[in-house]
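Asker: build me a model:
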Amino acid sequence: MKPPESLFSKATIRHVGLCPATAYRKWNSWQNWSPIPPWRETDPEQDWGDEMPFIHFLTGCTGAGMHVWGEDDAVWRECMAKCGMSDEMQDAIMDPAFREVRLRETCEFWMEQTMEMRYEALTAEFEREGHVHPNTVAWMVERDRIVEISTTGETEATDTDCVTLYGATTAERYRTMYDSTGRTRVNFLPFCTRAPSDFSPSGTVLSLFADADVANLHAAYIHRRGGTATVVSMLIPRAAFAALAPGESLALHQDDDDWRQVVYYSRRGRHGMPRRLRQYGDDEEGPALVETPVGRWPGQAYKELQSWEDVNGSFAWRWRGEVRKWCVFSYWTGGKFLRENIKEMRARKFGEDEFKKWMEESAR
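Answerer: Residues are numbered from 1 along each chain as shown. This next block holds a predicted model:
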């Protein structure tokens with residue numbers, strides 16, 4: 001598909017993943033906007049009323065996918081077609097190589113996230129060409145010159161005295177971790193998991209991978225769906241983990257009753273969770289770090305269960321037949337630990353060559 005010549009255009013609507021008929025209707029609505037709030041982001045600045053970002057207007061069609069999840073691929077495709085997704089978009093999301101990643105979330109989640117990723121990459125491209133988005137502040141351009149992402153295929157940061165944790169995100173979201181100078185990390189938003197998650201019913205947690213191959217899997221899925229995939233590796237001294245008090249670092253196993261209850265009640269909004277388990281996801285009194293498997297299904301799956309006892313080891317997410325541990329950090333205390341202890345952080349582009357190699361290896 002030919003790249004759009006204008007950010008605010010019908011071509012952009014097609015680019016982010018909508019079919020021709022839906023793109024036509026969306027563009028017609030955008031052009032013939034009602035003269036009352038919310039105002040389009042392209043409208044002159046107003047003294048009252050909310051603003052409607054172009055991408056939020058486009059992703060508004062994905063709501064029908066909120067309750068679509070599970071292993072029936074036909075139901076997923078039917079939902080995406082009703083929401084106006086193009087065949088190309090559907091094929092990218094439904095690629096069988098990434099089935100185990102996809103099943104962790106709902107159809108709505110993947111449609112929305114994929115559209116947002118594509119739009120962010122397109123916006124960044126317009127900025128690089130000098131077509132600056134009306135709401136883009138000048139310091140972003142300077143910051144992006146400084147925040148480097150390796151394109152040479154170099155290995156991730158390693159050190160025998162350190163633990164290496166990994167994340168997968170887009171280049172655009174990786175750069176938001178830095179301040180206006182591009183030298184100081186200010187947040188870990190690209191790795192935030194929105195609530196309710198497996199370990200917090202209402203708060204935000206930071207999720208990182210303990211295994212490089214899991215990070216590459218998620219980066220490959222980002223690339224497959226049209227995002228600017230980036231693998232981030234973080235070196236943290238082993239001594240920093242050892243210095244955590246017993247209550248600040250916890251571990252869960254998929255066969256433990258604690259894991260089954262924490263995941264079940266967190267996904268359902270905590271109601272009924274035993275008091276002793278409420279520390280998980282509690283930023284003020286909870287642990288900074290929990291080493292744990294994550295669930296295989298989205299929150300809707302747990303809402304259909306009668307009891308936490310219905311959760312078993314099969315609910316744990318697996319890759320290549322193995323249950324994989326993730327490192328889940330609480331947003332404030334865990335985030336503070338990361339800011340104070342990351343010795344080195346590198347970002348590596350996961351481009352077309354890396355994707356082809358990954359697909360060849362995964363097919364073996």
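
Asker: what are the buried residues along the strand or helix carrying residue 88?
Answerer: Using DSSP states H and E, residue 88 maps to helix 87-94. Residues 89-90, 92-94 are the ones in helix 87-94 that count as buried (16 or more other C-beta atoms under 10 Å). From N, CA and C alone the C-beta is placed, and that goes for glycine too.

Asker: which secondary structure elements does it contact?
Answerer: Applying 3 or more C-beta pairs under 8 Å, 6 or more residues apart in numbering; DSSP states H and E, one finds that helix 87-94 contacts helix 73-82, helix 107-128.

Asker: tell me the most buried of the ones you listed?
Answerer: helix 107-128 (a mean of 20; mean count of other C-beta atoms under 10 Å).

Asker: now for it, which elements pack on it?
Answerer: Using 3+ C-beta pairs under 8 Å, 6+ apart: helix 107-128 touches helix 10-15, helix 54-59, helix 73-82, helix 87-94, helix 139-146, strand 162-170, helix 171-175.

Asker: which of these comes out lowest on mean pLDDT?
Answerer: Lowest mean pLDDT of the helices and strands packed on helix 107-128: helix 139-146, a mean of 45.

Asker: got a list of what residue 195 touches?
Answerer: 201-204 (C-beta atoms under 8 Å, 6 or more residues apart in numbering).

Asker: not counting sequence-adjacent ones, nearest residue to residue 117?
Answerer: Excluding the flanking residues, the one nearest residue 117 by C-beta to C-beta, 6 or more residues apart in numbering is residue 227, at 3.8 Å.

Asker: circling back to that earlier point, save the buried residues of helix 87-94 as JSON lines, and put in distance to residue 51 too.
Answerer: Shown next, in JSON lines, are these (distance: C-beta to C-beta, whole Å):
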{"residue": "89", "distance to residue 51": "26"}
{"residue": "90", "distance to residue 51": "31"}
{"residue": "92", "distance to residue 51": "30"}
{"residue": "93", "distance to residue 51": "29"}
{"residue": "94", "distance to residue 51": "34"}
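
Asker: so residue 179 is in contact with residue 186, correct?
Answerer: Yes. Shown here, residue 179 and residue 186 form a contact pair, counting by C-beta atoms under 8 Å, at 4.9 Å.

Asker: would you turn the helices and strands packed on helix 87-94 into CSV with distance to residue 15?
Answerer: Output for these, formatted as CSV (distance: least, C-beta to C-beta, whole Å):
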stretch, distance to residue 15
helix 73-82, 17
helix 107-128, 6
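
Asker: so which of the ones you listed gets nearest residue 218?
Answerer: Among the helices and strands packed on helix 87-94, the nearest to residue 218 by C-beta to C-beta is helix 107-128 (11.7 Å).

Asker: the residue lying closest to residue 264 once chain neighbours are set aside: how many residues sit nearby?
Answerer: Spatial nearest neighbour of residue 264, chain neighbours left out: residue 308 (3.8 Å); criterion: C-beta to C-beta, 6+ apart. By other C-beta atoms under 10 Å, 19 other residues sit near residue 308.

Asker: and for the one 10 residues further on?
Answerer: By the criterion of other C-beta under 10 Å, residue 318 has 14 neighbours.

Asker: so it sits right up against residue 99, yeah?
Answerer: No. Look at residue 318 against residue 99 with C-beta under 8 Å: they stay out of range, at 11.6 Å.

Asker: closest to residue 149 out of the contacts of residue 195?
Answerer: residue 204 (24.7 Å).

Asker: that closest one and residue 312, how far apart?
Answerer: According to C-beta to C-beta, to the nearest Å, residue 204 stands 28 Å off from residue 312.

Asker: can you pick out the residue with more neighbours from the two?
Answerer: Between residue 204 and residue 312, counting by other C-beta under 10 Å, residue 204 is the more crowded of the two (18 against 10).

Asker: now residue 168: how far from residue 354?
Answerer: Residue 168 sits 12 Å away from residue 354, going by C-beta to C-beta.

Asker: out of the two, which sits in the more crowded spot?
Answerer: Using other C-beta under 10 Å, the more surrounded residue of residue 168 and residue 354 is residue 168, with 26 against 19.

Asker: run through the bridge partners of that one.
Answerer: residue 231 (DSSP bridges).

Asker: before we move on, back to that, mind checking which of the helices and strands packed on helix 87-94 is nearest residue 215?
Answerer: Each of the helices and strands packed on helix 87-94 has some distance to residue 215 by C-beta to C-beta; the shortest is helix 107-128, at 16.6 Å.

Asker: what sits against the closest residue in space to residue 68 that isn't next to it in sequence?
Answerer: Nearest residue to residue 68 in three dimensions, chain neighbours excluded: residue 107, at 3.9 Å (C-beta to C-beta, 6+ apart). By C-beta under 8 Å, 6+ apart, residue 107 lies in contact with 65, 68-69, 76, 79-80.

Asker: that's all I had, so thanks and see you.
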